[in-house]
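S.K.: Give me a 3D structure for the following:
(one chain, ligands or ions: 1)
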Amino acid sequence: DKGEYRHFMLKEIHEQPRVIKATMEGRLTDTSVLEQALGTSAGKLLENVRHVQIIACGTSFHAGMVARYWIEDLAGVPCSVEVASEFRYRKHVIQPDTLFLCISQSGETADTLAALRQAKKAGFRAALAICNVPGSSLVRESDLVIMTQAGPEIGVASTKAFTTQLTALLIFTLALARHNGLSTEAEAEIVEAIHLLPGQVDQVLALDGEIAEMSRAFMDKHHSLFLGRGSQFPVALEGALKLKEISYIHAEAYPAGELKHGPLALVDSEMPVVTVAPNNDLLEKLKSNLEEVRARGGELFVFADKVADVKAQDGIHVMQLPSVHPITAPIVYTVPLQLLSYHVAVLKGTDVDQPRNLAKSVTVE
Ligand code: F6R
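M.R.: This is a model prediction of the structure:
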């Protein structure tokens, strides 16, 4: 039931504060992660993990890419991320002390399951699943399961599944990090930031009207570029995927530092450039990337931390977001990009909930 909403996608975008909270529920105190809540065997399985191999597809793969930044940053454990369809068809090396982490909303994605089954033959320490569907094949075949509490996701374009995957992945990362020397103070700082997420996402949802206004600029465009740096690069990838899927506008995402190495050649007034700019240590570098785009006549749409001092001017549209912790920023910055795609699609009159050529669950190759 869509309730008051015009589409399931919009309803699911607006459910995010609640389902993010549900995904935190029972897994955190005010200042720490409750490792027991991740499963009674969690402590034992997470001890001595020396490497994490993440496998997923599509949006879930983007969640895995964000998690890699967190795992290496907070836990100091090397982490690789690969799309399941590539991993399963190449010879791969899995170290015995590897935690094999599959991320899937449905738990039935054929490539992800095949990758897990194959890796089992090669041997690893344990299989962890981040999944939204209880009783799915992935859940049944994994040693440890962290359920996202997104509830049924009907819109083909994944929204609340992604942000709850990220929430679960961050909680998992903290548990792993504790086995690898993260201080209780550092853990407390991030747990406090996680508790702020529902409220911050609510604040972003309140920008809906302004984002709808902004989306008009994309209606007659055929191409677009999404830029982000660090853990916001996968957010840019996810923003571009959403726009492609539901509005059929060609969208490409680049780490902002790669602009000069090719994509800058594409930039002109017909190529809107979307950028996510939280207030982290890469902000100054990102600002100079924005100058490069502006100098070539590209129109910029910047989602920036309100203290980041990115100034709106001719050709630079700035949407101010609440100040967030750099670690949790990817979760918050995903939301305006979901809304942007949604409104562009509505303006174009596409089938938002059932985009052409796509299925919700990809159970065949
Ligand atoms: C994009 C989307 C897909 C899925 C992908 C994996 O909006 O929904 O890219 O993320 O098919 O699906 P799951 O997570 O069910 O394995």
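
S.K.: Show me which residues of this protein sit near the ligand.
M.R.: Neighbours of the ligand within the chain, by Cβ under 6 Å from any ligand atom: 57-60, 104-106, 109, 112, 157-158, 241, 245, 361-362. Placement of C-beta: from N, CA and C, glycine included.

S.K.: to the chain's geometric centre, what's the distance from stretch 338-353?
M.R.: Taking Cα atoms, centre = their mean, to the nearest Å, one finds the center of stretch 338-353 at 19 Å from the center of the full chain.

S.K.: quick one: contacts of it?
M.R.: With Cβ atoms under 8 Å, 6 or more residues apart in numbering as the test, stretch 338-353 has contacts from 6-10, 13, 154-157, 159, 204-205, 207-208, 211-212, 214-216, 218-219, 239, 242-243, 245-249, 274, 301, 356.

S.K.: OK, contacts around whichever residue of the chain sits closest to the ligand?
M.R.: As assessed by Cβ to the nearest ligand atom, the ligand sits closest to Gly58 within the chain, at 1.9 Å. Contacts for Gly58 (Cβ under 8 Å, 6+ apart) come out as Ser158, Leu241.

S.K.: Extract the residue ranges of this protein that are flagged as low pLDDT.
M.R.: For the chain, no stretch has pLDDT under 70.

S.K.: Out of the contacts of stretch 338-353, which sit inside helices?
M.R.: 8-10, 13, 204-205, 208, 211-212, 214-215, 239, 242-243, 245-247 (DSSP state H).

S.K.: what's the first-to-last distance across stretch 88-108?
M.R.: 16 Å (Cα to Cα, to the nearest Å).

S.K.: ah, wrong one, I meant stretch 67-76
M.R.: End-to-end distance for stretch 67-76, by Cα to Cα: 12 Å.

S.K.: With stretch 122-141 instead?
M.R.: 15 Å.

S.K.: Likewise for stretch 1-13?
M.R.: Using Cα to Cα, one end of stretch 1-13 lies 14 Å from the other.

S.K.: And it, what's buried?
M.R.: Neighbour counts using 16 or more other Cβ atoms under 10 Å place His7, Phe8, Met9, Leu10, Lys11, Glu12, Ile13 of stretch 1-13 among the buried residues.

S.K.: wait, what's in contact with the second one?
M.R.: When you say that, I think you mean Phe8. Lys2, Ile154, Gly155, Asp353.

S.K.: which two from the residues you listed end up farthest apart in space?
M.R.: Within the contacts of Phe8, two members stand farthest from each other by Cβ to Cβ: Lys2 and Gly155, at 9.9 Å.

S.K.: if I look at Leu116, how far off is Leu264?
M.R.: 40 Å (Cβ to Cβ, to the nearest Å).

S.K.: between these two, who's got more neighbours?
M.R.: Each of Leu116 and Leu264 has its neighbours counted (other Cβ atoms under 10 Å); Leu116 has more, 24 against 17.

S.K.: That one sits in which helix or strand?
M.R.: Using DSSP states H and E, the element containing Leu116 is helix 110-122.

S.K.: ok, back up a step: inside strands: which ones of the residues of the chain next to the ligand?
M.R.: Under the assignment DSSP state E, the residues of the chain next to the ligand contribute Ser104 to strands.

S.K.: Going along the chain, name the strands of the chain.
M.R.: Ranges of strands in the chain, per DSSP E, are 51-56, 79-83, 98-104, 126-131, 144-147, 223-228, 250-255, 273-277, 300-305, 316-321.

S.K.: what angle separates the second one from strand 51-56?
M.R.: When you say that, I think you mean strand 79-83. Put simply, strand 79-83 runs at 20 degrees to strand 51-56, going by axes from the mean of the first three to the mean of the last three Cα atoms, to 10 degrees.

S.K.: who touches strand 79-83?
M.R.: For strand 79-83, the surrounding residues in contact (Cβ under 8 Å, 6+ apart) are 51-57, 61, 64-65, 67-68, 71-72, 111.
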